Every structure is written in structure tokens, then in C-alpha cells.
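[1] Predicted model and sequence below, questions to follow.
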Amino acid sequence: MRCCDNCTPHLFPVEKFVVQKEAGLKHSKKRKVTFEEQSYIRDKLTKWQDDTLIDDYYGSNSALSGRTLLGDDVIEKLATCGE
């Protein structure tokens, strides 16, 4: 019978993972997003944050706000992150 990993460590094996690098993967520059695209993404996410997020996922009687779940800093990062 198991007790804990301190008393019977042989009953709680630790998995070992080996990470292998895949051949052919390259690092490249991301495509820059134009100011118009950034504005569009920012506007759509802000509108979704204010109008849809809470009502559709948490109900209209929730004490949460859209900005609590999806902060303005996250919207900014999504809008400017590139491709």
C-alpha cells in the first residue's frame, strides 16, 4: 500500500523526459503588423471584452468585469505581437 513518496519512494516513480531538437526549424523575424491592423485588432478585442466576454461565458449577473479577465495589457500584446 502506498504511504507517501517519503516513506516509499519506489512506489512513486519520477518520469524522465528527453527533449530533442527537431531539424529544419528556423528562427526568423515576425512580420510587422501595420498600425491599421493593430487598431482593428485592439478595437475588436476591446468591444468583445466589454460586450460579449462576461455575458456569454459567466452570465449577466456576474460581479466580474471584462477587464478583469482580459486586461488591457493583454489586448495590447495581442494587437502588437506580429504575425
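    Nice, thanks for sending it over. Numbers count the residues shown, from 1 in each chain.
[2] Return the backbone torsion pair for Asn6.
    phi -80, psi -40 (degrees, to the nearest 10).
[3] need the next SSE after the helix or strand of the chain with the lowest mean pLDDT, C-terminal direction.
    Ranked by mean pLDDT, DSSP states H and E, the weakest helix or strand in the chain is helix 53-58, scoring a mean of 79. Next along the chain after helix 53-58, taking DSSP states H and E as the criterion, comes helix 66-69.
[4] picking that back up, give the other helices and strands that the least confident helix or strand of the chain contacts.
    helix 66-69 (3 or more C-beta pairs under 8 Å, 6 or more residues apart in numbering; DSSP states H and E). For the C-beta atoms, the positions are set from N, CA and C on the backbone; glycine is no exception.
[5] The helix or strand that the helix it packs on is followed by: how far from the chain's middle?
    Per DSSP H and E, helix 66-69 leads on to helix 72-80 as the next helix or strand towards the C-terminus. How far helix 72-80 lies from its chain's middle: 12 Å, per C-alpha atoms, centre = their mean, to the nearest Å.
[6] Model confidence for Gln38, exactly?
    At Gln38, the pLDDT value in this model is 91.
[7] Just the CA trace of the host helix or strand of it, in CSV.
    Assigned by DSSP H and E, Gln38 belongs to helix 35-51. Extracted in CSV, the C-alpha atoms of helix 35-51 (Å, rounded to 0.1, in the frame of the first residue of the first chain):
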residue,chain,number,x,y,z
PHE,A,35,-0.9,50.4,-37.5
GLU,A,36,-4.3,49.9,-39.1
GLU,A,37,-4.2,46.2,-38.3
GLN,A,38,-3.2,46.9,-34.7
SER,A,39,-6.1,49.4,-34.3
TYR,A,40,-8.6,47.0,-35.8
ILE,A,41,-7.5,44.1,-33.5
ARG,A,42,-7.4,46.4,-30.5
ASP,A,43,-10.9,47.7,-31.2
LYS,A,44,-12.4,44.3,-31.8
LEU,A,45,-10.9,42.8,-28.7
THR,A,46,-12.0,45.8,-26.6
LYS,A,47,-15.5,45.5,-27.9
TRP,A,48,-15.6,41.8,-27.3
GLN,A,49,-14.2,42.4,-23.8
ASP,A,50,-16.9,44.9,-23.0
ASP,A,51,-19.9,43.4,-24.7
